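Chemist: Next one to model:
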Amino acid sequence: MTDGKDHAARYELDSLLTECVTLDASDIHLAPRLAPHFRCQGEIRPAAGMPALSADDTRSIAAELLARMHRNGKAVSDLDSVLASRGSIDGAMSSKEEARFRFNIFSRQGEVSIALRHLEDRFRTLEELGMPASLYKLCDLRDGLVVISGPTGSGKSTTLATLLDRINRSRSGHIITIEDPVEYLHASVRCIVNQRQIGLDAPSFNDALVDSLRQDPDIILVGEIRDLDTIRTAIVAAETGHLVFTTLHAGDCVGAVERLVAVFPSGEQEGIRRQLALVLRAIVAQNLLVAENGASAPKPAQCVAASEILIVTPAVSNLIATGKSAQIYSVMETGMSSDMQTLEQDLARLWVTGRISETVALGMARNPSVLRDRAALFRRERATPAKNNGERIHR
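Modeler: Numbers count the residues shown, from 1 in each chain. Below is the predicted model:
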């Protein structure tokens, strides 16, 4: 790519990132023969007054993104070879205004398209995310494994960033994050924070996690546990006195438990269940929903998280160890005093408090009739405050 093309790509990229911040857009979409598109208030719209990009334009912008990320310790000049080996490339970088962006470059029919996500420049509170404040208790744990699960785009990284920021500001220690890419930047406050990026600082999640055990950590964040070796190492780290946070692609808490176990060969699964029962502290399964319009709707994302929370009490630990995961939901239904909640319980709370609409709540519920029952119970409890004036928010 010539110097002229380099300069043009830098200017084009800076202009797009600045426009995204100005519009308060959440995403930018770039594709050949289309004008840049921005997602604002949940809707994707073409940029006003911006011409269509050529295939060379998107390829040059992609190369500029990789150069800014400095993957593998240097600028990546041969974009085609990288895409040929992986099909897509994840990364993160900061604009000249210090706004943070995550991006994915992907090939499609021999051409290059790009999706960028504008990351928030501050850490939101659990209340702003629509999640119960009881989750802050997870920040006080000294060891064990905490899993945040959910589909892609459900806000897992945002929730982890909120919890990690709380730890950083409330206790001393050494935090190591292992991410691909590094999305939220944590400045050391009360903790020493070291953030490592896969592909730049370490070749794989498992290699970085093994290395981290020799770096005197107190808290380890693993961006995602994807394979047997990484899951095994995370369990060992939790067993040896470290607090490990990680994410997993699973739709609910019980599904997360079963997925962690199912990765292992059948001959090992009984032993892994026993290990997991000892080290697992909590699973939070979350989904991102469109918020109801009005003063209560969070800004600017117009989304709210609906969460299912499993706290590993002795009863839950026993069910995990003995392979009786199907009975965990019964414990969760009655586990309000232990800060547990099912998805239907949280959907009912969000619906009754006006955070989401009835249509959204029913569309997400696994069992609509159970949701209606929980909503009716929640309305009665709001109408009749408890003697201690403490609102029961998890039923």
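Chemist: what about stretch 318-336, distance to the chain center?
Modeler: Centroid separation between stretch 318-336 and its chain, computed with Cα atoms, centre = their mean, to the nearest Å, is 25 Å.
Chemist: ok, now stretch 101-113?
Modeler: Counting by Cα atoms, centre = their mean, stretch 101-113 comes out at 21 Å from the chain centroid.
Chemist: what domains does the record give for this protein?
Modeler: The chain is divided into the following domains under automatic domain parsing: 3-119, 126-341.
Chemist: Out of these, which is the most enclosed?
Modeler: Mean neighbour count, computed with mean count of other Cβ atoms under 10 Å, is highest for domain 126-341 among the domains of the chain, reaching a mean of 19. Yep, even glycine has a C-beta here, placed from its N, CA and C like the rest.
Chemist: now the lowest-mean-pLDDT helix or strand in the chain: how far from the chain's centre is it?
Modeler: Least confident helix or strand, the chain: helix 79-86 with a mean of 78, by mean pLDDT, DSSP states H and E. Centroid displacement of helix 79-86 relative to its chain, using Cα atoms, centre = their mean, is 26 Å.
Chemist: Give the other helices and strands that it contacts.
Modeler: helix 55-69, strand 100-108 (3 or more Cβ pairs under 8 Å, 6 or more residues apart in numbering; DSSP states H and E).
Chemist: Can you redo these as TSV, where the extra columns are mean pLDDT?
Modeler: Putting the helices and strands packed on helix 79-86 into TSV (pLDDT from 0 to 100) gives the following:
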stretch	mean pLDDT
helix 55-69	90
strand 100-108	92
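Chemist: Please tabulate the ones you listed in TSV and include distance to residue 304 as additional columns.
Modeler: Formatted as TSV, these follow (distance: least, Cβ to Cβ, whole Å):
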stretch	distance to residue 304
helix 55-69	30
strand 100-108	21
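Chemist: Can you tell me which of the ones you listed is nearest to residue 219?
Modeler: strand 100-108 (21.5 Å; Cβ to Cβ).
Chemist: Direction included, what does the helix or strand just after that closest one pair up with?
Modeler: In the C-terminal direction, the helix or strand that comes right after strand 100-108 (DSSP states H and E) is strand 111-119. Its sheet considered, strand 111-119 pairs with strand 27-30 (antiparallel), strand 100-108 (antiparallel) by DSSP bridges.
Chemist: Please work out which residues outside strand 111-119 touch it.
Modeler: 16-17, 20-21, 25-32, 55, 58-59, 61-62, 65, 79, 83, 92, 99-107, 183-184 (Cβ atoms under 8 Å, 6 or more residues apart in numbering).
Chemist: Give me the angle between that strand and helix 79-86.
Modeler: 80 degrees (axes from the mean of the first three to the mean of the last three Cα atoms, to 10 degrees).
Chemist: For the helix or strand just after strand 111-119, output the C-alpha coordinates as PDB.
Modeler: Moving toward the C-terminus from strand 111-119, the next helix or strand (DSSP H and E) is helix 126-129. In PDB, the C-alpha atoms belonging to helix 126-129 read as follows (Å, rounded to 0.1, in the frame of the first residue of the first chain):
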ATOM      1  CA  LEU A 126     -24.700  -2.900  37.800                       C
ATOM      2  CA  GLU A 127     -27.900  -0.800  38.300                       C
ATOM      3  CA  GLU A 128     -27.300   0.900  35.000                       C
ATOM      4  CA  LEU A 129     -26.900  -2.500  33.300                       C
END
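Chemist: Which secondary structure elements does helix 126-129 sit against?
Modeler: Using 3+ Cβ pairs under 8 Å, 6+ apart, helix 126-129 sits against helix 156-170.
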